[in-house]
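> curious how this folds, go ahead:
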Amino acid sequence: MNNSRRDFIKKASLLGTSMYVGANAFSAASYRRIIGANDRINIGVIGFSDRHKGAHAPSFLAAYKELNFDIIAVSDIWKLRREEGANFWKQQLAHDIKPCVNNEELYAMKDVDAVFVSTADFQHAMHAIEAVRAGKDAYVEKPLAETMEDARAVLKAVADSKKIVQIGSQRRSGINYFAANDFIKSGKFGDIVMVELTWNVNQPGRWRRPELVARLREEDTDWKRFLLNRPYEPFNPRHYLEYRLFWPYSSGIPGQWLCHQIDTVHWFTGLSHPRSVAVNGGNYVWKDGRENADTFTAVFDYGPFDDLTKGFQVLFKSRQTNSGVLNGEEVKEIYYSNGGTLNLDTNKITAVGGLTEQYASVMGMQANLLPEMSLSDVRVGTAANTGGDPVTMAHVRNWMECVRHRREPNAPVIAGYNHSIAVMMANAAYRTGEKVTFDDQKQEVIAGGKVFKY
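The predicted model follows:
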């Protein structure tokens, strides 16, 4: 583990730099000497959402002076959000911000180099396609896509464009996750035999926006543009603002939380998607008109895909009705091998559950117990806006650095494509009650022997 420890220390140091080099680290004169004003990278905002204000904004502000970035425009089809966004960034950056009534107006601005995309879940893929076809790099929130049609389209568009696209799967910029990935890939953890993923909250107001719903008027927005490629329906302010509660605008729990945690499984193992999934759940407590589940349990089967790959299960469980801990949130990611446990809640590797001498000797085997080690003290939280956390800050900074230096970011588009497959498989299993598989040749989700369509 000597090399892994050195890498870990190096990454921790880099993360520390991104955390503590703030907006006032350089004077205006000194940072102009480092990077010329003509090299400034100008950002546009696609969707002035809570996520953008609470997560992207503080992360951007921690690095923009050092890296010579600026924000010059906000596009939002709702007049209220558009004006709020322009005023917010004007206060932060002390210069005028162009409010754009739609993305076409923003992309007509020749000075825009890249964009933040934080719109409704079902819009991410289409807005990413618009961005790269307009010649812009993009930071695109998760889930990347909620249908395979959208997923295939965005994967191709980004590949064809060769633009820098970072998916908002911020665990891929966490130093503890880097350390876990290194340890598992080194072979010292052993074969994964089980993964348990948990994401619980007790928040009846999660994804509800009653005050905003009351303020939204159809004449102040563009309802048809909001729907994009979803079936037409009459104007519905709840679907517009509380989209995470309604399919086909969001799968809810899978698209919001499963996508984060299943992405680490793909990252650590190199596997691109589950072989199958079975799901149970429902809307058991919050009877507020929502259509998506408030309780969701999925069991994924990963392999074996071939003679060289041993299989394992992933259990994902999530409820919005009981958090399970005193501070109001609970998120756990626990990896098991025959030798012990890697716990990304405690950030420790231990021999817990490993094969002991008592039971190994009966079969003429040797005990198999992992050494106790710590990964890091950095932990990803479950609060609605975790923008102040060091992992999100590092993830946004990684994208900004990659835009400047033309490198692949920590969470490239293929990572988003792969988490989208797992999300769609889980969503299909929940909605059909079928055990769902994936057709590699057709790149389609299969439920009940048929391609799943919303």
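
> going by C-alpha atoms from here, please, whenever you check contacts or count neighbours.
OK.

> show me what contacts the closest residue to residue 143 other than its chain neighbours?
Leaving aside its chain neighbours, residue 143 sits nearest to residue 255 (5.4 Å; criterion: C-alpha to C-alpha, 6 or more residues apart in numbering). Contacts for residue 255 (C-alpha atoms under 8 Å, 6 or more residues apart in numbering) come out as 121, 142-143, 146, 420, 423.

> surely residue 255 is within a helix?
Yes. Under DSSP: H, G, I helix; E, B strand; the rest coil, residue 255 falls within a helix.

> just the element for residue 438, please.
Following DSSP states H and E, one finds residue 438 within strand 436-439.

> now the element after that strand, going C-ward?
Past strand 436-439, the next helix or strand by DSSP H and E is strand 444-447.

> return the list of helices and strands in contact with that next one.
helix 413-432, strand 436-439 (3 or more C-alpha pairs under 8 Å, 6 or more residues apart in numbering; DSSP states H and E).

> mind putting these into JSON lines with mean pLDDT and distance to residue 342?
Supplementary listing: the helices and strands packed on strand 444-447 in JSON lines, determined by pLDDT from 0 to 100; distance: least, C-alpha to C-alpha, whole Å:
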{"stretch": "helix 413-432", "mean pLDDT": "98", "distance to residue 342": "21"}
{"stretch": "strand 436-439", "mean pLDDT": "98", "distance to residue 342": "28"}
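
> comparing those, which stretch has the densest surroundings?
For the helices and strands packed on strand 444-447, the largest average neighbour count (mean count of other C-alpha atoms under 10 Å) is found in helix 413-432, namely a mean of 25.

> how far does the strand holding residue 438 sit from its chain's centre?
22 Å (C-alpha atoms, centre = their mean, to the nearest Å).

> now do that strand: which elements does it pack against?
Using 3+ C-alpha pairs under 8 Å, 6+ apart as the contact test, the elements touching strand 436-439 are strand 276-282, helix 413-432, strand 444-447.

> three-state assignment of residue 139?
Classified using three-state DSSP, residue 139 is strand.

> shouldn't it be in contact with residue 399?
Yes. With contact defined as C-alpha atoms under 8 Å, residue 139 reaches residue 399; the gap is 7.1 Å.

> now do the shared contacts for those two.
By C-alpha under 8 Å, 6+ apart, residue 139 and residue 399 have these common neighbours: 165-166.

> which ones are touching residue 208?
Here residue 208 is in contact with 241-242 (C-alpha under 8 Å, 6+ apart).

> again, 7 Å this time
residue 242 (C-alpha atoms under 7 Å, 6 or more residues apart in numbering).

> quick one on the thing from earlier: between the helices and strands packed on strand 436-439, which gets nearest to residue 41?
Evaluated with C-alpha to C-alpha, the helices and strands packed on strand 436-439 place helix 413-432 nearest to residue 41, the distance being 21.3 Å.

> C-alpha coordinates for that closest one, CSV please?
Output in CSV follows, covering the C-alpha atoms of helix 413-432 (Å, rounded to 0.1, in the frame of the first residue of the first chain):
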residue,chain,number,x,y,z
VAL,A,413,-20.0,11.2,-20.1
ILE,A,414,-19.6,7.4,-20.2
ALA,A,415,-19.9,7.4,-16.4
GLY,A,416,-23.2,9.2,-16.7
TYR,A,417,-24.3,6.8,-19.5
ASN,A,418,-23.6,3.8,-17.3
HIS,A,419,-25.3,5.1,-14.2
SER,A,420,-28.3,6.0,-16.4
ILE,A,421,-28.6,2.3,-17.4
ALA,A,422,-28.8,1.2,-13.8
VAL,A,423,-31.3,4.0,-13.0
MET,A,424,-33.5,3.0,-16.0
MET,A,425,-33.4,-0.7,-15.2
ALA,A,426,-34.4,0.1,-11.6
ASN,A,427,-37.2,2.4,-12.7
ALA,A,428,-38.5,-0.1,-15.3
ALA,A,429,-38.5,-2.9,-12.6
TYR,A,430,-40.5,-0.7,-10.2
ARG,A,431,-43.0,0.3,-12.8
THR,A,432,-43.6,-3.1,-14.4
